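Colleague: the following comprises the amino acid sequence and a computationally predicted model.
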Amino acid sequence: MPIYTLAKYTIKGYIKERILLVVLIFGFVLMAASYVLSPLAVGAQRKIVVDIGLAAIPLFGVLLIVLLGAGSFYQEKEHGILNGLLVKPITRADFVLGKYAGTVLTVALVMVLMAGVHLFVMWLGGASLTANVFWAIYLSVVEIAVVAAVLTFFSSFTSPVLASFFTICTAVSGHLSNDLLDFADRFSQAVPRFFAKTAYYVLPNLGLFNVRQEAVHDLPLPEGFVGAVTAYGLFYAAVLLFLAALIFRAKEIH
Amino acid sequence: MAEKRRIVVAAVAFVLAVSGAVASTVHVRPYTVRPYLHCNLYLPSGKFMQELSLDYEQIVADVIWFQAVQYYGGYRKEEHDLAYFEGLIDLVTDLDPHFIFPYIFGGVVLSQDMASFDAAMRVLRKGMHHNPTSWELPFEIGFLNFIDASNHDMAARYFDLASRLPGAPERTRRFAAFIYSKAGHNELSIRMWEEIKETSEEPYMRELAERYLTKLRAQPSGGQEHANDRI
């Protein structure tokens, strides 16, 4: 129950922030622009509409997570709200999970709104609404849940600026993590190979959540792929939230 | 009074700033417009761009496709030759190997405008490798084999292959049949381009077909009525 109350409180706090509205408007404009731009893309009119929309949804999702989430812990500490909250029958783990749930739900809501606009633009552009388009949007939301967990983890022990910086670095390297495995195979010495492999398993494999190519060209997805990737995302986020709660519990709050 | 003066000063400063911004934009414009020749000189490899795009290859491929079309437009306006065209097509298709149209457009331009039949075949075969169920690619290979290389056997084989793939239209079978019947080369080429002009959904492709038709008709044996009679 405290998690639900905290999540609700977090969502209310975010809705008051103008940044949410600005990002939302910018996302809508970008997707509308894809419809305007499409006649210029010789032979790719429908493709460009689908591409821009499917790329904008996770991109703006990550942007929102970083802009909204990083300051969240800090603001409460700064305004003295955190001390007030923590004397109530709320555990620190409840606080971390409540904040995380609020952030993910807010950004997921924005992404769903953007997806609605995108599907409408696709329909206007005559592109077919295949199941893979919906899976691509769904997996983008799961990806955001993982990125939000990364941010929550870093926010539990660093400043907002550093938490944002580390989250962006993790998101970027998460999209390159498959290369680490390739590097590991090419190293002849055991130590660098070990480090490359460890980094591969420690970093989130965000490339897994990208099925945009399959959505754009309506290519088949392997059987059970969406379920397996969802499970991976949820387990990965759970581990990070557990660590964040542990760190936050051990932290002195003044 | 002082307030009025402040408003006037602010307004003058604003007008000056806007005029300065506009004037400097106009002044620097010649430095920012570079011919496409230089823009594409340092084209990165597909593998590098894949890494750089961070799983957003589709959108990067679209941007480069825009550039490739502009580059071809520059050639049509006689601003440059097509030296970097093949590189651009390779880059787009490395980033999005399932994007069919660049293979087809690239194949036609490489073969017809650049007289580089081998390069056209390489691009189209790359497309077939990534998209083995697409009928458009073997159809295009057959078409160029007939038009450019006069290799009737090869053309017929590819038209036949195209006609067996999912979604292949009736004209693929018709083309295979035309070639098997060994009709006149130039006349059949006209007929084929006409078919493409009539059936292609892509205006740019129709415009290309019209252009090549004009070229072919200007040649001595390019009589349309004659072609129809024979077919």
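Modeller: Noted; the coordinates are in hand.
Colleague: and the helices in chain B?
Modeller: Using DSSP state H, the helices of chain B run over B:2-32, B:36-39, B:46-52, B:57-76, B:85-95, B:100-112, B:117-130, B:136-147, B:152-163, B:170-180, B:185-199, B:203-218, B:224-230.
Colleague: which one of the ones you listed lies closest to chain A?
Modeller: helix B:100-112 (3.2 Å; C-beta to the nearest C-beta). Where C-beta positions appear, they are placed from N, C-alpha and C, glycine not excepted.
Colleague: which parts of chain B sit against chain A?
Modeller: For chain B, the contact set with chain A under C-beta under 8 Å from any C-beta of the partner chain comprises B:51, B:54-59, B:62, B:65-66, B:69, B:96, B:98-99, B:101-102, B:104-105, B:202, B:204-205.
Colleague: can you say which of these are buried?
Modeller: Those of the residues of chain B next to chain A that meet the buried threshold are B:54-59, B:62, B:65-66, B:69, B:96, B:98-99, B:101-102, B:104-105, B:202, B:205, by 16 or more other C-beta atoms under 10 Å in any protein chain shown.
Colleague: centre-most residue in chain B?
Modeller: residue B:105 (3.6 Å; C-alpha atoms, centre = their mean).
Colleague: low-confidence stretches in the chain?
Modeller: Let's take chain A. A:1, A:72-88, A:252-254 (pLDDT under 70).
Colleague: that was the other one, I meant chain B.
Modeller: For chain B, the stretches flagged by pLDDT under 70 are B:32-41, B:177, B:180-186, B:188-189, B:219-231.
Colleague: how about 90 then?
Modeller: In the predicted model, chain B carries pLDDT under 90 at residues B:1-7, B:22-55, B:57-59, B:63, B:66-85, B:112-116, B:143, B:146-157, B:159-164, B:166-231.
Colleague: which parts of the stretch 151-254 of chain A sit against chain B?
Modeller: A:172, A:175, A:176, A:179, A:206, A:207, A:210, A:212, A:213, A:216, A:217, A:219.
Colleague: in CSV, list the residues you listed along with secondary structure and neighbour count.
Modeller: Converted to CSV, these look like this (DSSP: H, G, I helix; E, B strand; the rest coil; neighbours: other C-beta atoms under 10 Å in any protein chain shown):
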residue, secondary structure, neighbour count
A:172, helix, 12
A:175, coil, 22
A:176, coil, 16
A:179, helix, 15
A:206, helix, 26
A:207, helix, 15
A:210, coil, 23
A:212, helix, 27
A:213, helix, 21
A:216, helix, 27
A:217, helix, 18
A:219, coil, 13
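Colleague: and whatever residue of the stretch 1-150 of chain A ends up closest to chain B, how many residues sit next to it?
Modeller: Nearest residue of the stretch 1-150 of chain A to chain B (C-beta to the nearest C-beta) works out as residue A:43 at 3.2 Å. Neighbours of residue A:43 under the rule other C-beta atoms under 10 Å in any protein chain shown: 20.
Colleague: what does the one 5 residues further on give?
Modeller: Applying other C-beta under 10 Å, we find 26 other residues in the vicinity of residue A:48.
Colleague: so it touches residue A:41, yeah?
Modeller: Yes - the criterion here is C-beta atoms under 8 Å, and residue A:48 meets it with residue A:41 at 4.4 Å.
Colleague: what residues are shared contacts of those two?
Modeller: Common neighbours of residue A:48 and residue A:41, counting by C-beta atoms under 8 Å, 6 or more residues apart in numbering or on different chains, are residue B:62.
Colleague: quick check: the closest residue to residue B:166 other than its chain neighbours vs chain A, distance?
Modeller: In this structure, residue B:166 finds its nearest non-sequential neighbour in residue B:133, 5.7 Å apart by C-beta to C-beta, 6 or more residues apart in numbering or on different chains. Residue B:133 sits 10 Å away from chain A, going by C-beta to the nearest C-beta, to the nearest Å.
Colleague: hmm, residue B:133 is touching residue B:168, no?
Modeller: No - when contacts are counted by C-beta under 8 Å, residue B:133 is not listed as touching residue B:168 (10.2 Å).
Colleague: circling back to that earlier point, so the residue nearest to the centre of chain B sits right up against residue A:41, yeah?
Modeller: No - counting by C-beta under 8 Å, residue B:105 does not reach residue A:41; the two are 11.9 Å apart.
Colleague: who are the neighbours in contact with the residue nearest to the centre of chain B?
Modeller: By C-beta under 8 Å, 6+ apart, the residues touching residue B:105 are A:42, A:43, B:89, B:204, B:205.
Colleague: and stretch A:218-225, what's buried?
Modeller: Buried positions in stretch A:218-225, judged by neighbour count with 16+ other C-beta under 10 Å: residue A:221.
Colleague: what are the contacting residues of it?
Modeller: A:128, A:130, A:132, A:135, A:211, A:213, A:214, B:98.
Colleague: among the helices of chain B, which is nearest residue A:160?
Modeller: Closest approach to residue A:160 among those (C-beta to C-beta): helix B:46-52, 27.9 Å.
Colleague: nearest to residue A:120, of the residues of the stretch 151-254 of chain A next to chain B?
Modeller: Nearest to residue A:120 among these: residue A:216, at 17.5 Å, using C-beta to C-beta.
Colleague: hang on, isn't the closest one packed against residue A:47?
Modeller: Yes - using C-beta under 8 Å, residue A:216 makes contact with residue A:47 at a distance of 5.9 Å.
Colleague: quick one: contacts for residue A:142?
Modeller: Residue A:142 sits next to A:209, A:229, A:230, A:233, A:234 when contact means C-beta under 8 Å, 6+ apart.
Colleague: go again using 10 Å as the cut-off
Modeller: Each residue near residue A:142 by C-beta atoms under 10 Å, 6 or more residues apart in numbering or on different chains is listed here: A:108, A:208, A:209, A:226, A:229, A:230, A:231, A:232, A:233, A:234, A:236, A:237.
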